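fold the following for me, if possible:
(chains A and B)
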2 protein chains.
Amino acid sequence: MKILTLLALAAAAATASVPAAAQFAKAEDAIKYRQSSFSVLGHHFGRLGAMVNGKVAFDAKAAQENADIVAMMAKLPAAGFGAGTDHGAPTKAKPEIWTEQAKFKEHADKMETETAKLAVAARTGHLDTLKAAFGDAAKTCKACHDAYRNK
Amino acid sequence: MKILTLLALAAAAATASVPAAAQFAKAEDAIKYRQSSFSVLGHHFGRLGAMVNGKVAFDAKAAQENADIVAMMAKLPAAGFGAGTDHGAPTKAKPEIWTEQAKFKEHADKMETETAKLAVAARTGHLDTLKAAFGDAAKTCKACHDAYRNK
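A predicted model of the protein is given here:
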């Protein structure tokens, strides 16, 4: 029950938080920014994944650190998808991102919410709790990649 | 006095914090990771710089958000400079990083300390306090770039 409350609070916090409004001089800067953010996010998510999948021994402290980074990084890339940033540098971003903005934002918000829950789950120190939250967060990655990222 | 105490606490916290131990399958992954981290860090530091230099109106909330991101990002790149990551992908990192590890670590620690202070300074909501902390943090960027980054 305590965990559920924490999860609910985390979800609320994630939804309420406004990403630092990022402004970019050129589209290529925005593209580099979002790619860099995703790259760092993906690295730390992958480290959690290694623990969740038993490839690396579970280390509660490391899990918490990685999950905190993931949750913070998840707030960043959205700012790099502003108008006019569909081209300007090599990008796998599909044009639908800019024609279905409300839907794309739903995906971004969902990522924020689930990664915030992931950070709370990691804080419990329980691998099973982490596993469940990791799975939920991974689903949001996949859903958005399937819809909005070219192979 | 309260600010000084906060600054001291922030500095202590930065020194005490251990970056999430990052492991990389290949040197190029480590290089990409550290470059991505620096890229995100630099973007948000630049946004603070625009306020500090009067190019953008001071917005205390935005300053705080950006400074928090800077402080967190500053903890990350060090993990990407492990043994054997001096080559493997295009990099401006000088070989001295790996032959002067203690000195390089001092620079990395200094960046963490000063960016943690920056985040505390931003929290005061005072532009002058932010300016001073920004200047100190910028010096740590420059010192390390001068010593360890090729043009």
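
contacts and neighbour counts: CA atoms only from here.
Will do.

in the top helix by length along chain A, what's buried?
Longest helix in chain A, counting residues (DSSP state H): helix A:27-52. Residues of helix A:27-52 classed as buried: A:27-45, A:47-49, A:51-52 (neighbour count, 16 or more other CA atoms under 10 Å in any protein chain shown).

helices of chain A, residue ranges please.
Counting by DSSP H, the helices of chain A are A:2-16, A:27-52, A:60-73, A:96-99, A:101-123, A:127-148.

ok, which of those helices comes nearest residue B:23?
When the helices of chain A are compared for distance to residue B:23 using CA to CA, the nearest one is helix A:27-52, at 8.1 Å.

show me what that closest one is packed against.
Taking 3 or more CA pairs under 8 Å, 6 or more residues apart in numbering or on different chains; DSSP states H and E as contact, the helices and strands that helix A:27-52 lies on are helix A:60-73, helix A:127-148, helix B:27-52.

got the angle between the shortest one and helix A:127-148?
Going by axes from the mean of the first three to the mean of the last three CA atoms, to 10 degrees, helix A:60-73 is angled at 30 degrees with respect to helix A:127-148.

equivalent analysis for the longest one, please.
With the same axes, to 10 degrees defining the directions, helix B:27-52 sits at 80 degrees from helix A:127-148.

same list (the helices and strands packed on helix A:27-52) but as TSV, adding distance to residue B:76 and mean pLDDT.
Formatted as TSV, those follow (distance: least, CA to CA, whole Å; pLDDT from 0 to 100):
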stretch	distance to residue B:76	mean pLDDT
helix A:60-73	9	97
helix A:127-148	21	98
helix B:27-52	6	97
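
let's have those helices in CSV, adding distance to residue B:112.
Compiled in CSV, the helices and strands packed on helix A:27-52 are given as follows (distance: least, CA to CA, whole Å):
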stretch, distance to residue B:112
helix A:60-73, 15
helix A:127-148, 28
helix B:27-52, 12
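
for residue B:100, which of these is the nearest?
helix B:27-52 (18.2 Å).

the closest one: how far from the chain's middle?
Between the mean C-alpha location of helix B:27-52 and the chain-wide mean there is a distance of 8 Å, by CA atoms, centre = their mean, to the nearest Å.

same check, this time on stretch A:24-36
17 Å.

other residues contacting it?
With contact meaning CA atoms under 8 Å, 6 or more residues apart in numbering or on different chains, stretch A:24-36 is reached by A:23, A:76-82, A:84-89, A:91, B:35-37, B:39-40, B:43.

which residue is nearest the middle of chain A?
Geometric centre of chain A, nearest residue: residue A:74, 3.4 Å, by CA atoms, centre = their mean.

excluding residues flanking it in the chain, which one is nearest it?
residue A:112 (5.6 Å; CA to CA, 6 or more residues apart in numbering or on different chains).

check contacts around the residue nearest to the centre of chain A.
Shown in contact with residue A:74 (CA under 8 Å, 6+ apart): A:37-38, A:41, A:111-112, A:115.

tell me the one among those nearest to chain B.
residue A:37 (6.5 Å; CA to the nearest CA).

correct me if wrong: that closest one contacts residue A:73.
Yes: with contact defined as CA atoms under 8 Å, residue A:37 reaches residue A:73; the gap is 6.2 Å.

which single residue of chain A approaches chain B most closely?
residue A:36 (4.4 Å).

that residue and residue A:76: what is the separation?
10 Å (CA to CA, to the nearest Å).

try residue A:150
20 Å.

ok, these two, which is more surrounded?
Per other CA atoms under 10 Å in any protein chain shown, whichever of residue A:150 and residue A:76 has more neighbours is residue A:76, with 24 against 11.

next, that one: phi, psi?
With angles defined as degrees, to the nearest 10, residue A:76 sits at phi -90, psi -50.

neighbours of residue A:23, just the number please.
15.

hmm, back to that, just the angle between the longest helix of chain A and helix A:101-123, please?
Going by the same axes, to 10 degrees, helix A:27-52 makes 40 degrees with helix A:101-123.

which one is residue A:108 nearest to, not counting chain neighbours?
Nearest to residue A:108 is residue A:78, by CA to CA, 6+ apart, at 6.7 Å.

sorry, slip of the keys, the one I care about is residue A:150.
Per CA to CA, 6+ apart, closest to residue A:150 is residue A:92, 4.8 Å.

got a list of what the one you found touches?
Applying CA under 8 Å, 6+ apart, the residues near residue A:92 are A:149-151.

need those residues in a markdown table with pLDDT, can you?
A markdown table is the format used below for the contacts of residue A:92 (pLDDT from 0 to 100):
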| residue | pLDDT |
| --- | --- |
| A:149 | 98 |
| A:150 | 97 |
| A:151 | 91 |
